[in-house]
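Engineer: sequence and computational prediction follow.
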Amino acid sequence: MDLSSFLILALTLLQVGASESVTGLYGETLAIPCNRGASLPEDLMFVKWKYEKDDGSIGDLLIKQSHSESATVQATDGYASRVSTDDLYRLLISQATLKDQKTFTCMVVSETNVMEYPTTVVVHKKPSSVQIMDKPAALQKDKPVTVGTCVAADSNPAATISWKKNGAPLNADGKAIVITPSMKLDPATGLSTTSSMLQYTATKEDVGAVFACVATHEKKDQETALEPFPVHYPSEKVTLQIMSKGPFVEGDNVTLKCQADGNPPPSSFFFYIKGQKTLVENSDSHTLTDISRDAAGEYKCSLTNDEKIEATQSIAVSYLDLSLSPTGDIVKKVGESLAVKVEKTASGEPQVSWTKDGKPVKEPNFEKLAYADAGAYTFELSLDGLTRRQSFKLAVEGKPVITSLTKHRPGEAQFKVLTCEADGVPEPRFQWSINNTNEESSYSEGRAVHKITVIPSVNLTVTCTVTNRLGEDSRTINVSSVFKEVPEKRDSEESSDDQSKVIVGVVLGLLIAAAVVGLIYWLYMKNSRQGSWKTNEKEIGSSEESKKLEDNELTA
């Protein structure tokens, strides 16, 4: 059977299956299955792919015999280089475009039947980009401003666009929120570009808000966010700050700073300095230099475009004046009076202190000067970091006056210590009417003490004389001798007692010696007689000698 006869038979037996739909992606390869991908008949002879042209006619694409490994391309138009098939007899179309959204038919011819399986192709494309254009530099309070135009370019089907603020959906209300959508179709590609413009009327609370547009295509979202916008609004309030640290004293510099709550903040202000208006441009600060006490008072600043919006601050300036009388070196006589006068002027109640020679003292009262009142006096005032001090040095003079003249003998010492005490300024000189040794002297707060050591051998009258350039004073004292008779008599009595004791001792010694001699003689004579009787010897010597011995014995 030739091919023409077969085709006539095939048309007679032709059966058409239900149409299917396949979705492909723009720019990629379309894979259109034959018979929904089901197995083909075992007696398959060939498969032929064709399509419906825009004018309704049928265009051939390719044919593949069952026993052939490759297909024969029959297309003569743009499909000639783009179509092919695989082992499953699927139609493959490379580089899909929207023009490929057609109905493609797979004709299956077997020895017993001819079947056609039409498939409708849909080509989708997600937006090539989603971006926000026409972004403003800032939003305006209470004024509608275009936040931006969100554009989802070149998609199929057309993307839908919505807006968010801080992650929450924005719904148009026609007043504060106005959303204007639009769509444009590219006639060359058939792709759609969707746009959405957002107009928004901001409030102060929108400072830092984040706006974002969401392009939705095939139920998938593509979100693009904007950086937070500053919100511009006019100033409604100003504040005036004193930047320098107080309390302030004369000679300080004081900086005033005026700030407004507008955005952007104003760059120029009016400063009212003691009633005089001063324009400060490109700055929010103004400095008062080397202030005086007259600078104390109220200060004000305001906006240049609305002077009714203003703020005020008060500045206090501390000051301290001191006048002390007398000052310098003062010389007075002991017993005189000295009036001390203090005059002070201050912005507040200052702290007061007196010192004498660097040590704290009470306020001096010199109704009757004493030597102890002499010294260096300083009066000091302090207030809020200010200090004022003045001083005078007081010298109290007087001619010397002896206050005490005493004598002292330490124990049984063979000398006496004479002490002369005197008050006087300048320091008095001492003079004694007797020779002396071991002089000691001291001088403090107008009191002088002078000590001498003397050894009086007889009773004396001693004079102490003190002098300085203002005069002199003298005083006498009786001093007895350290060598008196009473001590000498006592010594002779003690010597007589000692001599008596010696005589008694000598007599007792002589008596004891005589007794010892007599005892020895008696023992001798006794032993001599007993010895002659024992030996029966005759006594040697004459009777006259024996008598002498007896006499001597009796005498003893």
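Structural biologist: Great, that's in hand.
Engineer: for the stretch 1-150 of the chain, which segments count as strands?
Structural biologist: Ranges of strands in the stretch 1-150 of the chain, per DSSP state E, counting those that start in this stretch, are 14-16, 20-25, 30-32, 44-52, 58-65, 72-73, 83-85, 91-93, 103-110, 114-124, 129-133, 139-140, 144-155.
Engineer: mind listing what's buried in the second one?
Structural biologist: Spelled out, that is strand 20-25. For strand 20-25, the neighbour count (16 or more other Cβ atoms under 10 Å) marks 20, 22, 24 as buried. (Glycine included, C-beta is placed from N, CA and C.)
Engineer: could you do the longest one as well?
Structural biologist: Residues 145-155 are the ones in strand 144-155 that count as buried (16+ other Cβ under 10 Å).
Engineer: strand partners (parallel or antiparallel) of that strand?
Structural biologist: Sheet pairing of strand 144-155 (DSSP bridges) gives strand 129-133 (antiparallel), strand 192-201 (antiparallel).
Engineer: about what we covered before: got CSV for the strands of the stretch 1-150 of the chain, with distance to Thr287 and mean pLDDT too?
Structural biologist: Below are the strands of the stretch 1-150 of the chain laid out as CSV (distance: least, Cβ to Cβ, whole Å; pLDDT from 0 to 100):
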stretch, distance to Thr287, mean pLDDT
strand 14-16, 96, 62
strand 20-25, 70, 92
strand 30-32, 78, 95
strand 44-52, 87, 95
strand 58-65, 89, 95
strand 72-73, 90, 94
strand 83-85, 85, 94
strand 91-93, 80, 96
strand 103-110, 86, 95
strand 114-124, 69, 95
strand 129-133, 46, 93
strand 139-140, 35, 93
strand 144-155, 39, 95
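Engineer: how about the contacts made by Pro234?
Structural biologist: Pro234 sits next to 141, 262 when contact means Cβ atoms under 8 Å, 6 or more residues apart in numbering.
Engineer: look at it and report its pLDDT.
Structural biologist: You'll see Pro234 listed with a pLDDT of 91.
Engineer: how near is the most centrally placed residue in the chain to Gly190?
Structural biologist: Nearest residue to the geometric centre of the chain (Cα atoms, centre = their mean): Lys245, 17.6 Å. Lys245 sits 74 Å away from Gly190, taking Cβ to Cβ, to the nearest Å as the criterion.
Engineer: just Cys464 next, same as before
Structural biologist: The value you get for Cys464 to Gly190, if Cβ to Cβ is used, is 140 Å.
Engineer: between those two, which one's more packed in?
Structural biologist: Cys464 (24 against 16; other Cβ atoms under 10 Å).
Engineer: quick check: the more buried one touching Leu405?
Structural biologist: Yes: using Cβ atoms under 8 Å, Cys464 makes contact with Leu405 at a distance of 5.4 Å.
Engineer: overlap of the contact sets of the two?
Structural biologist: Once Cβ under 8 Å, 6+ apart is applied, the residues that Cys464 and Leu405 both contact turn out to be 418, 420, 475-477.
Engineer: Throw these into TSV and include neighbour count, pLDDT and secondary structure, thanks.
Structural biologist: TSV is the format used below for the shared contacts of Cys464 and Leu405 (neighbours: other Cβ atoms under 10 Å; pLDDT from 0 to 100; DSSP: H, G, I helix; E, B strand; the rest coil):
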residue	neighbour count	pLDDT	secondary structure
Leu418	21	94	strand
Cys420	27	96	strand
Arg475	16	95	strand
Thr476	13	96	strand
Ile477	15	94	strand
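Engineer: mind listing what's buried along stretch 298-313?
Structural biologist: 299-303, 309-311.
Engineer: off-centre distance for that stretch?
Structural biologist: 35 Å (Cα atoms, centre = their mean, to the nearest Å).
Engineer: for it, give the mean pLDDT please.
Structural biologist: Average pLDDT, stretch 298-313: 94.
Engineer: same thing with stretch 425-437?
Structural biologist: Average pLDDT, stretch 425-437: 93.
Engineer: tell me which residues of that stretch come out buried.
Structural biologist: For stretch 425-437, burial by neighbour count (16+ other Cβ under 10 Å) applies to 425, 428, 430, 432, 436.
Engineer: what's the answer for stretch 324-332, then?
Structural biologist: Across stretch 324-332, burial judged by 16+ other Cβ under 10 Å covers 324, 330, 332.
Engineer: and the lengthiest strand in the chain, what does it pack onto?
Structural biologist: The strand that spans the most residues within the chain, counting by DSSP state E, is strand 386-408. Here strand 386-408 touches strand 320-325, strand 328-333, strand 375-383, strand 416-425, strand 460-468, strand 471-479, going by 3 or more Cβ pairs under 8 Å, 6 or more residues apart in numbering; DSSP states H and E.
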